[in-house]
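K.L.:
predicted model and sequence below, questions to follow.
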Amino acid sequence: MRPRRKSRSLLLLLLLLPAVLARGDTFSFSGDRMETVLAKGKEYTVLVGGARVSSENNIIQAERIELFGTDFPYIRCTDKVRIVNEEKGLELTSRELFYNRKSKFLQVSGNVVMTDKKNELVLKGDYLENWEERDDTLVQIGVRILKKDLVCRAEFARYLRKEERLELSGMPIVAWKGDEYRALKIFVDLKADTIRLEGGIQGKVTSVSEQKGEGE
């Protein structure tokens with residue numbers, strides 16, 4: 001008789017727990033189906049179907065999640081990927097994800113949408129990298145950034161979250177409070193409500209009277 005799936009999952013967690021605690025780190029995981037290799041130096045686990053990993057402040061969900069490396073520091077996800085960090089107020093969805101729990105480095109690709117609830121900002125693109133400890137995010141390919149009174153388009157964008165600054169390049173366009181700006185590079189300070197443009201500068205400013213006329 002085969003052991004029940006829940007029993008296998010519990011046994012695996014008990015085997016992993018001492019090694020994980022030795023690093024001062026904890027995480028848990030679950031899924032509909034699981035395959036695992038526990039041989040030293042070849043540690044590898046695959047969760048399929050409603051897979052979920054909780055790592056410190058992050059909750060990661062996907063249809064398929066792979067955990068690998070000694071003490072499982074690396075996480076690879078595919079299909080219906082969603083990661084939530086409630087402490088920072090961040091939520092991210094994509095098709096694929098790679099996360100290094102040691103360095104807290106994240107790579108995601110395919111219809112990437114990152115929602116920053118605290119700063120009320122949404123970033124969209126096809127590829128994203130995030131350095132969690134310094135709150136630094138790089139977005140590439142068909143980038144769209146949305147915030148109240150602000151819409152940004154570019155091929156490359158850097159979001160410095162703690163400083164609330166955006167750095168845009170690759171044919172960037174910024175529409176802000178009815179005005180439009182174009183340049184080789186555009187820097188937006190979301191705290192100070194300022195924009196700095198460098199190279200090939202173009203702009204279109206709408207007067208206050210014209211804005212009122214459009215709203216009437």
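P.N.:
Good, I have the coordinates.

K.L.:
show me where pLDDT drops low in this protein?
P.N.:
Filtered on pLDDT under 70, the chain yields the residue ranges 1-26, 41, 207-216.

K.L.:
could you pull out the helices for it?
P.N.:
Assigned by DSSP state H, the chain shows helices spanning 5-22, 208-215.

K.L.:
and residue 103, how many neighbours?
P.N.:
11 (other Cβ atoms under 10 Å). Backbone N, C-alpha and C define where each C-beta goes, glycine included.

K.L.:
show me what the closest residue to residue 152 other than its chain neighbours is bridged to.
P.N.:
Ranked by Cβ to Cβ, 6 or more residues apart in numbering and with sequence neighbours excluded, the top spatial neighbour of residue 152 is residue 145, at 3.9 Å. Taking DSSP bridges as the rule, residue 145 bridges to residue 123, residue 152.

K.L.:
residue 66 versus the closest residue to residue 46 other than its chain neighbours, what's the distance?
P.N.:
Take residue 46 and drop its neighbours on the chain: the residue closest to it by Cβ to Cβ, 6+ apart is residue 35, 4.8 Å away. Distance check for residue 35 against residue 66: by Cβ to Cβ, to the nearest Å, it reads 10 Å.

K.L.:
how about residue 118, what does it touch?
P.N.:
Taking Cβ atoms under 8 Å, 6 or more residues apart in numbering, we find residue 118 in contact with 88-89.

K.L.:
so how many other residues sit close to residue 116?
P.N.:
Residue 116: 20 surrounding residues under other Cβ under 10 Å.

K.L.:
wait, it sits on residue 164?
P.N.:
No - using Cβ atoms under 8 Å, residue 116 is not in contact with residue 164, being 9.7 Å away.
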